[in-house]
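Peer 1: Sequence and predicted structure are below.
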Amino acid sequence: MTEAPAPDPLELLDVARQAAAAGAAVLAKRSEAGLHVENKGASGDWVTAYDTEAEYAVRDVINRMRPFDAVTGEELETSVPEDPSGIRWSVDPLDGTTNFIRNIPFYATSVAAVNADGEWLAGVVHAPALVRVYWAAKGHGAWLAEHGSLRRLHGPDPDRTGKLLGTGFSYEPEVRTEQYAALADLMDGYADVRRLGSAALDLCMVADGTLDAYVERGLNEHDFAAGALIAEEAGLTVRRPGSPDRRMDDAERLAAVTTAWLVPPSGH
């Protein structure tokens, strides 16, 4: 492993912002003719030509700016340099693919960096159809740029009435049935539920106060990597799924997934 000073989270954030912007630029070119939709196995689990093209665009920026970093992503094979730096990038080039196919604007490119100790250091969720860019660097807060404005995020209002719970459901019928059965208990204290179709944006929308909490079972790391850090830096408590081994392969990661749960901390 290359001996080098620990990278500044703000330096990694700069890379993440440029990488996510490159992926989002691909998504912004969306056309019906260019979708080339394929099913990845489960009913409702889709991939388009834009997913792959966007991931190539994200990785091109990361590889150019940080050639000794490892990269894992949803669509392409994990890349690990011969002399790795200890930083790994988790990439979801198109979170919300079904929304993208149906031209529902809740989709985004998600890019996040984690160190060898499992500390998430920088994350960006870039949603081109919403004209929103969410970002965070460890210790530097969470931010939203939208239509030319910039604001720091502090999570939902704890005194608000009519609280909304964000969630999502599995493609697998058996798991979905279990999720439906658990929903009544999860809804305790909430007036209604929203299912937006993008875990990355769900987490960001708790950070910006649109939603009051978010819970979902069956997420992969790339689904929540950037959004979870953004939520934490907004002052929220995040429980991530997955193994302590942040370098696990795809099969191990899928097997280790349990539940992702995001709620405001006590007194927030």
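Peer 2: Looks like it came in fine.

Peer 1: what mean pLDDT does stretch 8-27 have?
Peer 2: Taken as a whole, stretch 8-27 has a mean pLDDT of 98.

Peer 1: Alpha carbons only: can I get that stretch in CSV?
Peer 2: Output of stretch 8-27 as CSV, limited to C-alpha atoms (Å, rounded to 0.1, in the frame of the first residue of the first chain):
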residue,chain,number,x,y,z
ASP,A,8,-8.2,15.7,3.4
PRO,A,9,-12.0,15.0,3.1
LEU,A,10,-12.4,18.3,1.3
GLU,A,11,-9.9,17.1,-1.4
LEU,A,12,-11.9,13.9,-1.8
LEU,A,13,-15.1,15.9,-1.9
ASP,A,14,-13.7,17.9,-4.9
VAL,A,15,-13.1,14.6,-6.7
ALA,A,16,-16.5,13.3,-5.8
ARG,A,17,-18.2,16.4,-7.0
GLN,A,18,-16.4,16.3,-10.4
ALA,A,19,-17.0,12.5,-10.7
ALA,A,20,-20.7,12.8,-9.8
ALA,A,21,-21.1,15.7,-12.2
ALA,A,22,-19.7,13.6,-15.0
GLY,A,23,-22.1,10.8,-14.3
ALA,A,24,-25.1,13.2,-14.0
ALA,A,25,-24.1,14.8,-17.4
VAL,A,26,-24.6,11.4,-19.0
LEU,A,27,-28.0,11.0,-17.4
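
Peer 1: and that stretch, how far from the chain's centre?
Peer 2: Distance of stretch 8-27 from its chain centroid, counting by Cα atoms, centre = their mean, to the nearest Å, is 13 Å.

Peer 1: now stretch 174-188
Peer 2: For stretch 174-188, the distance to the chain centre is 23 Å (Cα atoms, centre = their mean).

Peer 1: And stretch 40-60, by the same measure?
Peer 2: 14 Å.

Peer 1: which residues sit against it?
Peer 2: 19-20, 22-27, 29-30, 34-39, 71, 73-76, 79, 91, 93-94, 97-98, 100-101, 109, 111, 171-172 (Cβ atoms under 8 Å, 6 or more residues apart in numbering). Using the backbone N, CA and C atoms, a C-beta is placed for each residue, glycine as well.

Peer 1: Those in helices, which ones?
Peer 2: The helices, defined by DSSP state H, take in 19-20, 22-27, 97-98, 100-101 from these.

Peer 1: Between those residues, which sits nearest residue 178?
Peer 2: Within the ones in helices among the contacts of stretch 40-60, the smallest distance to residue 178 is 21.0 Å, found for residue 98 (Cβ to Cβ).

Peer 1: Number of residues surrounding the closest one?
Peer 2: Residue 98 has 17 neighbours, counted by other Cβ atoms under 10 Å.
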